[in-house]
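Peer 1: Give me a 3D structure for the following:
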Amino acid sequence: MSLQQQLTERLQSSFSPVHLEVVNESSGHGGYFPGKESHFKVVVVSDAFNGLRLVQRHQKVYAAAEGLLGAGLIHALAIHAFLPSEWQGQDTSSPDCAHAPKA
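Peer 2: Next comes the predicted model:
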């Protein structure tokens, strides 16, 4: 099972999100090759974040991803964690990487 699939399953079971995106952004980073899974962006919209500050939300996402982060696994994880009431109109686009392959 791919890292993306594993991460998706963990976030789904941990947060029962009303919206979940797990995007492999590895192709936009240096050292990319087809099939590489190193850089991900997650957008999680869930009531599980009720009453939590942003850093606490991120800590919960990192806890759900435990064991998938580290050498040879997920190198970078961009987290966008929202309550359903906060979700509308949020920009979750990622900036270009300075080391991205040049076309």
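
Peer 1: so where's this protein uncertain?
Peer 2: For the chain, applying pLDDT under 70 flags the ranges 28-36, 95-103.

Peer 1: biggest helix in it, by residue count?
Peer 2: Ordering each helix of the chain by length in residues (DSSP state H) puts helix 3-15 first.

Peer 1: buried residues in that helix?
Peer 2: Buried residues in helix 3-15, counted by 16 or more other Cβ atoms under 10 Å: 3, 4, 6, 7, 8, 10, 11, 14, 15. Yep, even glycine has a C-beta here, placed from its N, CA and C like the rest.

Peer 1: So what touches it?
Peer 2: 17, 20, 22, 24, 37, 40, 42, 44, 46, 48-49, 60-61, 63-65, 68, 73-74 (Cβ atoms under 8 Å, 6 or more residues apart in numbering).
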